[in-house]
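Colleague: Following is a predicted model, sequence given first.
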Amino acid sequence: MSVTTEPRAGAQLAAARLRGAQPDELLDLADAAIERADAAGDALSLELIAAELDSAAAAHPAAGDGLRIAADRARAAALPLAPSPPTVVPQPVDRAAAEKDRAASWGHRLAAWLIDWCILLGAGLLVAGQLGGSAGAVFWTFGSFAYFAYLNARGGTLGKLLLRIAVVDPTTGTPIGIGRGAARELVRLCLTVLTLGIGLILDGLRPLWNENHQTWHDVAVKSLVVRKR
């Protein structure tokens, strides 16, 4: 194989140069060595020959042009023979899997929910004081629904903002939008009303045993609560 035989051509060229061979003799040796290495497909030997010819050109300035031309010929012959780097095929990013790896814990979700309800209860007291009894209760109910629907549609409520968690579409990592935000809260409201509150409790506990920490109202609209980057 060329790996074992052709480096001898480069060694012979180096030996000839060291013993004071004339440029013409070096060129003859180089021509023969280049032909053999090129025929054998030995890029390494061609590179060694080119290096020896460069050294010879420095040692023989008068014949430097011819030696450098021969060196360039050896390098040009080596280029097509050099192994090309392996082609790296980019792997598609599984965005849904990446987002699920960032799913917020049940503890963070609970803490955010408690913060939100503290805010809403405080607002409810103000509304009740201004509107009174039933009118205040109706206004506060619709206001609470709008609070969760609108803010979660845009990424997260004030409680989520403080806890650095957000509601996203798991396939895109972007906010779910007002339509899905409203549907998400409607599912939670139905679970509360139709089961006299039991469904709301079970819905809130579901992230404890769900691998993606999703509630039923998350599953219904394909949303995911994640930790912010």
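Modeller: Good, I have the coordinates. Numbers count the residues shown, from 1 in each chain.
Colleague: count of neighbours near the residue lying closest to Leu131 once chain neighbours are set aside?
Modeller: Distances taken as CB to CB, 6 or more residues apart in numbering place Phe139 nearest to Leu131, at 5.9 Å, with adjacent residues excluded. The C-beta positions use only the backbone N, C-alpha and C, and glycine is treated the same way. By other CB atoms under 10 Å, 15 other residues sit near Phe139.
Colleague: does Phe139 really touch Ala128, like I thought?
Modeller: No: Phe139 lies out of contact with Ala128 (CB atoms under 8 Å); the separation is 9.1 Å.
Colleague: Common neighbours of those two, please.
Modeller: Contact criterion CB atoms under 8 Å, 6 or more residues apart in numbering; residues shared by Phe139 and Ala128: none found.
Colleague: Enumerate every residue touching the closest residue to Leu162 other than its chain neighbours.
Modeller: Excluding the flanking residues, the one nearest Leu162 by CB to CB, 6+ apart is Ile115, at 6.0 Å. The contact partners of Ile115, taken as CB under 8 Å, 6+ apart, are 158-159, 162-163.
Colleague: now the residues you listed in JSON lines, with pLDDT and distance to Glu99?
Modeller: Below are the contacts of Ile115 laid out as JSON lines (pLDDT from 0 to 100; distance: CB to CB, whole Å):
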{"residue": "Leu158", "pLDDT": "96", "distance to Glu99": "22"}
{"residue": "Gly159", "pLDDT": "96", "distance to Glu99": "20"}
{"residue": "Leu162", "pLDDT": "96", "distance to Glu99": "21"}
{"residue": "Leu163", "pLDDT": "96", "distance to Glu99": "17"}
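Colleague: What's the biggest helix in the chain, counting residues?
Modeller: Looking across the chain with DSSP state H, the single longest helix is helix 106-131.
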